[in-house]
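This is a predicted model, with the sequence first.
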Amino acid sequence: MKELTVISGKGGTGKTSITASIASLAERRVVIDADVDAANLFLTLEHEVIETDEFQGGHKAEINPDLCTGCGECFQKCQFDAISITNSEDPIAEKSAGGSGTASQLAGKDGNKIREKFTIDPISCEGCGVCAHFCPADAISFERQICGEKYISTTANGPMVHARLGIAEENSGLLVSQLRQRARAMAKEQHIPLIITDGPPGIGCPVIASISNADAVLIVTEPTLSGMHDMERVRKLAGQMGAAAFLCINKADLNPEASENIKAFCETHNIRFAGEIPFDRAVIESMKMGQSLVTYSDGPASRAVKKVWQNVMSFIGETKERLF
Amino acid sequence: MIVTVASGKGGTGKTTVTVNLAVIAAKEGVEVFDCDVEEPNAHLFVKPHNVLTEEVSTMIPAVDMELCTLCGECEKICQFSAITLIAKKIMIFPEMCHSCKGCSMVCPTGAVQESSRTLGSLLSGESSRGFNLTWGELRVGEAMSPPLIKQVKERIHPDRFALVDAPPGTSCPAVATLRDSDFALLVAEETPFGLNDLALTVEALKKLDVPMGIVINRADGEKGIIDKYADQESIEVMQRIPFSREAAKVCAKGLFLVDEIPQMKALFEELYLKIISKAGSGRREIDQREVMK
Amino acid sequence: MKVAVSSSGNTLESDLDPRFGRASYFLIVDTETFNFEVKPNDQNMNLPQGAGIQAGKTVADCGVDVLITGNCGPKAYNVLQAAGIKVVTGIKGSVKEVVEQFKSSDPKYLEGPNVDGHWV
């Protein structure tokens, strides 16, 4: 069973379009959309959702205003500026000004004590639990959150595992890991020899979670200064993680000189060059039809993607067997 | 005033819009911040000189075993399995640590002390076009970008005009960048993926309570799915930048559109004026004729 | 001696669970008598992060000398090594078959993790 992850570094180079196409070309595979906070694969691959599940992320702390005594312990201890005083414009309350934030110091202009309460911004809350631990009034709850949904869908050549992370939620790395574990379990049960993962842009935790334990990555780049810069960083990451690297150049005819530079880079950096794909309007048209490029069109980009796939497939057979 | 350029979908032209706006805004004063610390690109266009680099790190625990009583309180409070007590040893997994300092706070003997893990670099330089660029570069292998993004944002002067280039997506890196912005400029592309991701970003911005406007990049002339969506949501489409292979080539080479294509200069000047009037600020009035020169 | 085996079920006939951090159960088996104890691993299966580390601690607390599993990632490996527990992989079958094979052949202990970690 082999795992291939499609990555790019830079966003918008064509990972998802290409993943949809190779998922349509591979005879039997599980395909994963690991770009969980901007999932697009479902838009370009005909599918039917057959299973939906909750995604449980990390914890969030919440202060019960009825129990809060306004002591400010939580405010002092929080490292993430997630805690603030409710209904107060009192500048003494600013931690940076050195105020201790205790109720006794939050005196009004006439010197009377103001009974303040504290509140936690769930978006800033890191889920560390320190405030809940130290609250002397036991006023802070600390619950695991449901922060998205996971899906299993059927597609022509095998299952698709995908998800939707809730708006402004965290834990994308964890969600990606869970999707990949599920995909492995399905591949084992159904004797499917290949898992293809559509990776997110960047090099952060969801990308790391997408590449971890993959046999190979297919880097999709574009012949632009930004594309090349970002490609070099993600290639470095893939190298650190021990994945064999393939590379294809999308919209290659945009800047032929840069495309030649990229090919030269591949030769000196142990990257297997898998092919060039020309710019082609059919890519957008296939998206609008909700189909993969190779299903929709037989034009220049489609033929080029097929060649890229042939190159990747013939090499994947050489990589070592991973223990399941 | 802080204007953040975001999109949801990668590759729509956030950096292109940010740097070209900066060239236009330079006479009035602008500072640029590239918060796409995983894959920063603004510096490739801006080509800053006199670049100062600073290494940025975050706190991780280090345990002095002479003081440690093996009570295990540090392990109990840690939500991230970054510190654990096993066979009379304390093991630390630095990459798991979120720097909450809970372990050092609960340690009864002061055995848990502060060490650090490198996040990446913070860089800053001057553009020959008259503005400063500050950006972050995440160390390859570091998983968490928000702590470095926060450091970049700490360099923002609240009384100056700041243009911030955001990372793609709608989760922690994008949210860390977008929050507390005075205005978000969303760069959208007229494709099904573009619309899907734009809608996700709009929802995130509503949650963050940041006002927004849309720029359609690579527009093909007719009003399409993005315009329809913008209408529905009552968000103004503030500019349309037409698709052209020439524009694509200019950007591919790392050059400014406003230098190479006259039409683009006018489009970005228009956009800049709209942003200033829409986003509003306590800053001095801008003479339109001044800017148009 | 006592060995821990990551298991998909709670009997000796259950299959070895190749995962360690998020295995369904750990069976602690006496290699002489085949008496065994079941340690369910529920709390780790959905852990937001650090399942391998926590599983390592669970096993370390059982006082075993050897862990038999399928995949052992770097953090789990570090924890087990700190606890002085040797790790064996590469044997397939039911828990009973796996322990028998371990007894009868010359076990190859891991010198390091045999898979990358998941990010979390």
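Nice, thanks for sending it over.

okay, CA-based contacts and neighbour counts for the rest of this
Noted.

Show the backbone phi and psi for residue B:190.
Main-chain dihedrals, residue B:190, degrees, to the nearest 10: phi -80, psi 60.

can you confirm residue A:270 is in a strand?
No. Counting by DSSP: H, G, I helix; E, B strand; the rest coil, residue A:270 is not found in a strand; it is coil.

how about it, what does it touch?
Contacts were defined as C-alpha atoms under 8 Å, 6 or more residues apart in numbering or on different chains; by that measure residue A:270 touches residue A:245.

make it 7 Å
Not one residue lies near residue A:270 by C-alpha atoms under 7 Å, 6 or more residues apart in numbering or on different chains.

So for it, what pLDDT did the model give?
Looking at residue A:270, its pLDDT is 91.

Contacts (any at all) between chain C and stretch A:176-195?
Yes. Against chain C, stretch A:176-195 shows contacts by C-alpha under 7 Å from any C-alpha of the partner chain at residue A:177.

Report the buried residues of that stretch.
Applying a neighbour-count criterion of 16 or more other C-alpha atoms under 10 Å in any protein chain shown, the buried positions in stretch A:176-195 are A:176-180, A:183-184, A:186-187, A:192, A:194-195.

and residue A:59, how many residues sit next to it?
20 (other C-alpha atoms under 10 Å in any protein chain shown).

One more: the one 3 residues further on?
The tally of other residues near residue A:62 (other C-alpha under 10 Å) stands at 20.

so what strands line up beside the helix or strand containing it?
According to DSSP states H and E, residue A:62 maps onto strand A:48-63. Within its sheet, and counting by DSSP bridges, strand A:48-63 is paired with strand A:140-155 (antiparallel).

what comes into contact with the partner strand?
With C-alpha under 7 Å, 6+ apart, strand A:140-155 has contacts from A:46-64, A:129, A:132, A:159-166, A:169.

okay, the angle between the following helix or strand past that strand and strand A:48-63?
Next in sequence after strand A:140-155, counting helices and strands by DSSP H and E, comes strand A:158-165. Here the directions of strand A:158-165 and strand A:48-63 differ by 30 degrees (axes from the mean of the first three to the mean of the last three C-alpha atoms, to 10 degrees).

about what we covered before: of the buried residues of stretch A:176-195, just say which sits nearest to residue B:52.
Nearest to residue B:52 among the buried residues of stretch A:176-195 is residue A:176, at 36.2 Å by C-alpha to C-alpha.

quick one: that closest one is in a helix?
Yes. Counting by three-state DSSP, residue A:176 is part of a helix.

my guess is it meets residue A:34, correct?
Yes. Checked against C-alpha atoms under 7 Å, the pair residue A:176 and residue A:34 is within contact range at 5.6 Å.

got a list of contacts for the worst-scoring helix or strand of chain C on mean pLDDT?
Of all helical and strand segments in chain C, the minimum by mean pLDDT, DSSP states H and E falls on helix C:42-45, at a mean of 73. With contacts defined as C-alpha under 7 Å, 6+ apart, helix C:42-45 is touched by C:21-22, C:24, C:51, C:54.

following it, which helix or strand shows up next?
helix C:51-61.

The next helix or strand after that next one and chain B in contact?
Next helix or strand after helix C:51-61 toward the C-terminus (DSSP H and E): strand C:66-68. No. On the criterion C-alpha under 7 Å from any C-alpha, strand C:66-68 is out of touch with chain B, staying 15.0 Å away.

Residues contacting the following helix or strand past strand C:66-68, please?
As assigned by DSSP H and E, the chain's next helix or strand after strand C:66-68 is helix C:74-82. The contact list for helix C:74-82 (C-alpha under 7 Å, 6+ apart) reads B:86-87, C:52-53, C:56, C:60, C:112-113, C:116-117.

Need the max-distance pair from the residues you listed.
B:87 and C:116 (23.8 Å).

Least confident secondary structure element in chain B?
helix B:288-292 (a mean of 40).

which ones are touching the residue nearest to residue A:243 when sequence neighbours are not counted?
Nearest residue to residue A:243 in three dimensions, chain neighbours excluded: residue A:216, at 4.8 Å (C-alpha to C-alpha, 6 or more residues apart in numbering or on different chains). Residue A:216 makes contacts with A:3-5, A:243-245, as judged by C-alpha under 7 Å, 6+ apart.

mind putting the residues you listed in a markdown table, distance to residue B:104 included?
Converted to a markdown table, the contacts of residue A:216 look like this (distance: C-alpha to C-alpha, whole Å):
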| residue | distance to residue B:104 |
| --- | --- |
| A:3 | 41 |
| A:4 | 41 |
| A:5 | 39 |
| A:243 | 37 |
| A:244 | 41 |
| A:245 | 42 |
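
hmm, back to that, do the following helix or strand past the strand holding residue A:62 and chain B meet at all?
The helix or strand immediately downstream of strand A:48-63 is helix A:73-77, counting by DSSP H and E. No. Using C-alpha under 7 Å from any C-alpha, helix A:73-77 stays clear of chain B, with a minimum separation of 8.5 Å.

quick one: contacts of helix A:73-77?
Taking C-alpha under 7 Å, 6+ apart as the rule, helix A:73-77 contacts A:83-84, A:131, A:135.

Which strand residues bridge the nearest residue to residue A:50 once chain neighbours are set aside?
Closest residue to residue A:50 in three dimensions, ignoring its sequence neighbours and counting by C-alpha to C-alpha, 6+ apart: residue A:153, at 5.3 Å. Taking DSSP bridges as the rule, residue A:153 bridges to residue A:49, residue A:160.
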